[in-house]
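**Student:** got a predicted model here, sequence first, then my questions.
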Amino acid sequence: METVKWIGRLVGVVILAVLLTACGATGPAPMRQLVEQAIALELGQTQQELGKQLRLGAPPKSVDIDRVSITEQTPLLIDELQAFRVRGTYDVTVQRQQRRVTQSQNPFEVYLQRQKENKTWRLARLQTDEAGKPVWITQRVPQPDG
């Protein structure tokens, strides 16, 4: 029985060491506020595109992202820079001219790329170029207030 406990502790220490090494190698993951900004940026652009295609007229007066819950952050490289695939859920409230609509527990998946100087992040989207090759398109995420 002592051997089983000892092996269990050893496995736990090895797992902890691997996790700590992985965290140190990749640096800190994006904060919740930054993820919220990225969701708002992506959602705003999607609404703009849909509005044009469907001829919806005036855009919403406001779009509020709330209750962002991050369930997974996976480190990866995008164009040789540190990045994270972030998944979770969020609530959104859209204010139109005479109507306010709230949707809860919307799933999201965003890719965030840290820039070389480690001061800014970019929202990354995988698209295909003219030749059909996958290519990452990125744009700067506005810094969260505060």
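**Tutor:** The structure has been received and is ready for your questions.

**Student:** can you give me the buried ones in the strand or helix carrying residue 41?
**Tutor:** For residue 41, the host element (DSSP states H and E) is helix 32-54. Using 16 or more other CB atoms under 10 Å as the test for burial, helix 32-54 gives 34, 35, 36, 37, 38, 39, 40, 41, 42, 43. Backbone N, C-alpha and C define where each C-beta goes, glycine included.

**Student:** now swap in stretch 109-122 and tell me
**Tutor:** 110, 111, 112, 113, 114, 121, 122.

**Student:** check those residues and tell me the two furthest apart.
**Tutor:** Greatest spatial distance in these: 110 and 114, 13.3 Å, computed using CB to CB.

**Student:** ranking helices and strands of this structure by mean pLDDT, which lands last?
**Tutor:** In the chain, no helix or strand scores lower on mean pLDDT, DSSP states H and E than helix 2-26, which sits at a mean of 45.

**Student:** which residue is nearest the centroid of the protein?
**Tutor:** residue 110 (3.4 Å; CA atoms, centre = their mean).

**Student:** which residue, neighbours along the chain excluded, lies closest to that one?
**Tutor:** Residue nearest to residue 110 in three dimensions, not counting chain neighbours: residue 38, with 4.8 Å by CB to CB, 6 or more residues apart in numbering.
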